[in-house]
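Colleague: Sequence first, predicted model second:
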Amino acid sequence: MSDLFQSDISKPEVQAPRPLADRLRPKSLGEVIGQSHVLGPEAPLGVMLASGSLSSIIFWGPPGVGKTTIARLLADETDLHFVQISAIFTGVPDLRKVFEAAKLRRQNGKGTLLFVDEIHRFNKAQQDSFLPHMEDGTILLVGATTENPSFELNAAVMSRSQVMILERLSLDELALMAARAETEFERDLPLTQRARETLCEMADGDGRTLLNLIEQVMAWRVSQPLDSDQLGKRLMRRAAKYDKSGEEHYNLISALHKSVRGSDPDAALYWFARMLEGGEDPRYLARRLVRMAVEDIALADPQAQTVCLHAWETFERLGSPEGELALSQAVIYLALAPKSNAAYVAYKAARDAARKTGSEPPPKHILNAPTKMMEKHGYGVGYAYDHDSKDGFSGQNFFPETLPRTQFYAPVERGFERDLAKRVAYFEKLRDQRKRD
């Protein structure tokens, strides 16, 4: 048994095949596909490297766009020792060990580039622990995050770092990556040209996903190139990036709202569909549509609120997926409706005036006088009952006596508010006439 064991361990170790993404990892920054806005000669990283002055960096971008690869290559370019940790698996004791090793390395004349993946996962105390080591030069921090760093990272870490936004790869960049993969395999993908384009679209801007898909395709044994339909049957399209509780949620609802405000029904429908495809709760969208009707359309088309509420009610009665059609019709109606924020502006201005004027009482002539004491103090004295007045309009002052009359609501010349503007002007004319009388 002992001899057998000895002979087994003496055999050369058989290495597992390396994933394609690892085999195609760039050897220099010049080989990186995409991110020229960061890596180019006049771009932030290019300028830093040319000047020999690299500061701590936070890479913010979606998965599969090269954050880890660029960090590794930066260490090579600057002759720093590369250390990689993940905030998901690293605790305070692990961080202490990393910092102590970096201190020893520095004493021996070697700097450390510490790459922290998912850095936004660290809590405030853990993020603070980086600061003294960043300041004394023990580490050069390169963090990577898929979340907006201005929301997720401490101000102190942000102030000591430069945030660089990495973008999802374009279809042309993904096509270049596919060509490199074919060179590695020494054969073409068994796909038609349109199917190649479909494969890149499936990756949704993620280079790592594309290479994983290519590995699957290259393992197939096919007699002739597959077309897009055949490819779609064999591969699942990557789910669109969408986090219902994260920044992408707010980005897409902002895009939907602004498309409606901008009277573009096609773009509004696209973002509405994107959110549904991402798994958004249709009830959340229904509520937001009502808000758009109130905030951006308002009295220019009072029917807009009714349309949204009926669409919401229809969804509740029909359920999914049929109910989404009612909501999509509300999206189209809102986008094409006349727009006005006059009521919204008036409301905010009135609230602001109310805060500034505090507890100013109403004028006494519009106060009720249910007791004799109140009558004695002038409550209700001089009140003109509008229905008894000419034109049903008294023109009396209803503001506090110390507050000059202020116009908060200024209707626009669009939709139903065009009629309201005429009414405002009419009553203002009557008010001036009553003053003269």
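Modeller: Everything's here; your move.
Colleague: Excluding chain neighbours, what is closest to Phe82?
Modeller: Ala75 (3.7 Å; CB to CB, 6 or more residues apart in numbering). Where C-beta positions appear, they are placed from N, C-alpha and C, glycine not excepted.
Colleague: Gly382 too?
Modeller: His365 is the one closest to Gly382 (CB to CB, 6+ apart), at 4.2 Å.
Colleague: what sits against that neighbour?
Modeller: By CB atoms under 8 Å, 6 or more residues apart in numbering, the contact set of His365 is Gly378, Gly380, Val381, Gly382, Tyr383, Gln396.
Colleague: ok, of these, which come out buried?
Modeller: Buried members of those, scored by 16 or more other CB atoms under 10 Å, are Tyr383.
Colleague: Return the closest of the contacts of His365 with respect to Pro132.
Modeller: Taking CB to CB as the measure, Pro132 sits nearest to Gln396 out of the contacts of His365, at 69.5 Å.
Colleague: Helix or strand: which one has the residue nearest to that closest one when sequence neighbours are not counted?
Modeller: The shortest distance from Gln396 to any non-neighbouring residue, by CB to CB, 6+ apart, is to Ala384 (5.5 Å). Counting by DSSP states H and E, no helix or strand carries Ala384.
Colleague: so how many other residues sit close to the closest residue to Arg194 other than its chain neighbours?
Modeller: Excluding its sequence neighbours, the residue lying closest to Arg194 (CB to CB, 6+ apart) is Ser228, at 5.2 Å. A total of 17 residues lie near Ser228 under the criterion other CB atoms under 10 Å.
Colleague: Need the contact partners of the helix or strand encompassing Val260.
Modeller: Assigned by DSSP H and E, Val260 falls within helix 247-261. For helix 247-261, contacts defined as CB under 8 Å, 6+ apart pick out 147-148, 151, 241-243, 267-268, 270-272, 274-275, 278, 280, 285, 288, 292, 296, 331, 334-335, 339.
Colleague: do stretch 218-233 as well
Modeller: Residues contacting stretch 218-233 (CB under 8 Å, 6+ apart): 181, 185, 187, 189-192, 194-195, 197-199, 217, 234.
Colleague: Just the buried residues of it, please?
Modeller: Buried, per 16+ other CB under 10 Å, within stretch 218-233: Met218, Leu226, Ser228, Leu231.
Colleague: tell me, how many neighbours does the residue lying closest to Pro62 once chain neighbours are set aside end up with?
Modeller: Closest residue to Pro62 apart from its sequence neighbours, by CB to CB, 6+ apart: Arg168 at 5.2 Å. Residue neighbour count, defined by other CB under 10 Å, stands at 18 for Arg168.
Colleague: what's near enough to touch Arg168?
Modeller: By CB under 8 Å, 6+ apart, the contact set of Arg168 is Gly61, Pro62, Val65, Asp204, Gly205, Asp206.
Colleague: CA atoms only for the helix holding Val260, dumped as CSV, please.
Modeller: Taking C-alpha atoms only, helix 247-261 is exported to CSV below (Å, rounded to 0.1, in the frame of the first residue of the first chain):
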residue,chain,number,x,y,z
GLU,A,247,-29.0,51.8,-8.7
GLU,A,248,-30.2,50.2,-12.0
HIS,A,249,-33.7,50.3,-10.6
TYR,A,250,-33.5,54.0,-10.2
ASN,A,251,-31.7,54.5,-13.5
LEU,A,252,-34.4,52.8,-15.4
ILE,A,253,-37.4,54.4,-13.7
SER,A,254,-35.7,57.8,-14.3
ALA,A,255,-35.3,56.9,-18.0
LEU,A,256,-39.0,56.0,-18.1
HIS,A,257,-40.1,59.1,-16.3
LYS,A,258,-38.0,61.4,-18.5
SER,A,259,-39.1,59.7,-21.7
VAL,A,260,-42.7,60.3,-20.7
ARG,A,261,-41.9,63.9,-19.8
